[in-house]
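>>> Sequence below, structure please.
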Amino acid sequence: QVQLVESGGGSVQAGESLRLSCAASGYIDSINCMAWFRQAPGKEREAVARIFLGGNYKLYADSVKGRFTVSQDTTKNTLYLQMTNMKPEDTAMYYCAASKTYGTDYNYWGQGTQVTVSS
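Got it, this is the predicted structure:
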């Protein structure tokens, strides 16, 4: 089992920045891809950023390219999402997820952290 705990959510003004963290514990050697998802009320869940561990290959949703950066600190088993130039449409619950199948499906999820951006 793998446990994921997000932190760092909050309320910001448009144009400001925020950094989310996701601390992983448990049998993390089985994980080869991690991702940040978000879901706003009334909308489908969206994959925001993904990182393939080992090769450090990253993918981003078009809506956040150039503004969000996903990274990892392997010494701390922590995944980060640095969000800059934030927009009201970034308002959502953000979830950290871990995959054992290179992102084909996600086996473990965090509880989520709320991000609110006001104009």
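
>>> where along the chain do the strands fall?
Assigned by DSSP state E, the strands in the chain fall at 2-7, 10-13, 18-26, 33-39, 46-52, 57-60, 68-73, 78-83, 92-99, 108-109, 113-118.

>>> how far does the second one sit from the chain's center?
Taking the mean C-alpha point of strand 10-13 and that of its whole chain, the gap between them comes to 17 Å (Cα atoms, centre = their mean, to the nearest Å).

>>> what's the answer for the fifth one, then?
The chain centroid and the centroid of strand 46-52 are separated by 7 Å under Cα atoms, centre = their mean.

>>> Please point out which parts of it sit buried.
48-52 (16 or more other Cβ atoms under 10 Å). Every C-beta, even on glycine, is put in place using the N, C-alpha and C of the backbone.

>>> just the second one next, same as before
Neighbour counts over strand 10-13 (16+ other Cβ under 10 Å) mark residue 12 as buried.

>>> just the third one next, same as before
Under the neighbour-count criterion of 16+ other Cβ under 10 Å, strand 18-26 has 18, 20-24 buried.

>>> Just checking: what are the partner strands of it?
strand 2-7 (antiparallel), strand 78-83 (antiparallel) (DSSP bridges).

>>> And the contacts of it?
Here strand 18-26 makes contact (Cβ atoms under 8 Å, 6 or more residues apart in numbering) with 1-10, 12, 31, 34, 36, 76-83, 86, 94, 96, 98, 110, 113, 115.

>>> How many neighbouring residues does residue 115 have?
Close neighbours of residue 115, defined as other Cβ atoms under 10 Å, add up to 22.
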